[in-house]
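A.B. asks: dropping the sequence and predicted coords here.
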Amino acid sequence: MTVGEAVRQRIIQLCQERDISINKLSSISGVTQSTVNNIVSGRNNSATVSTIKKLCDGLGITIDEFFHSGLFAGLEQEIK
């Protein structure tokens, strides 16, 4: 799994846990709907830390809480 795939899955997981839609996440985080849609659809595999921080703010969690998931354990090396 790549970092981009893990970020995508984590966003989807957090939205499901909170019973909010991707559209609602966009609205509460201030990240454009197209950006969030591109991340969760896999069209954007390189979300910036700034974007992830805004999504975390909208979800009411810290960046540490976002990345504190088994999804990020043992990720593949990106540079080969």
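C.D. replies: Nice, I can see it. Just so it is clear, the model here is predicted, and its values are computed rather than measured. Numbers count the residues shown, from 1 in each chain.
A.B. asks: okay, CA-based contacts and neighbour counts for the rest of this
C.D. replies: Will do.
A.B. asks: give the helix, strand or coil label for the residue nearest the centre of the chain.
C.D. replies: By CA atoms, centre = their mean, the mean C-alpha position of the chain lies nearest to residue 11, the distance being 3.8 Å. Put simply, residue 11 is helix when judged by DSSP: H, G, I helix; E, B strand; the rest coil.
A.B. asks: all numbers from here: first residue = 31
C.D. replies: OK, 31 is where the count begins now, so the last one is residue 41.
A.B. asks: now do the strands in this protein.
C.D. replies: Counting by DSSP state E, the chain forms no strands at all.
A.B. asks: what about residue 89, neighbour count?
C.D. replies: For residue 89, the count of nearby residues is 18 (other CA atoms under 10 Å).
A.B. asks: I figured the residue nearest to the centre of the chain hits residue 70, correct?
C.D. replies: Yes - using CA atoms under 8 Å, residue 41 makes contact with residue 70 at a distance of 7.3 Å.
A.B. asks: low pLDDT regions in this structure?
C.D. replies: The chain contains residues with pLDDT under 70 at 110.
A.B. asks: go again using 90 as the cut-off
C.D. replies: Across the chain, the stretches falling below the confidence threshold (pLDDT under 90) are 31-34, 72, 74-76, 101-110.
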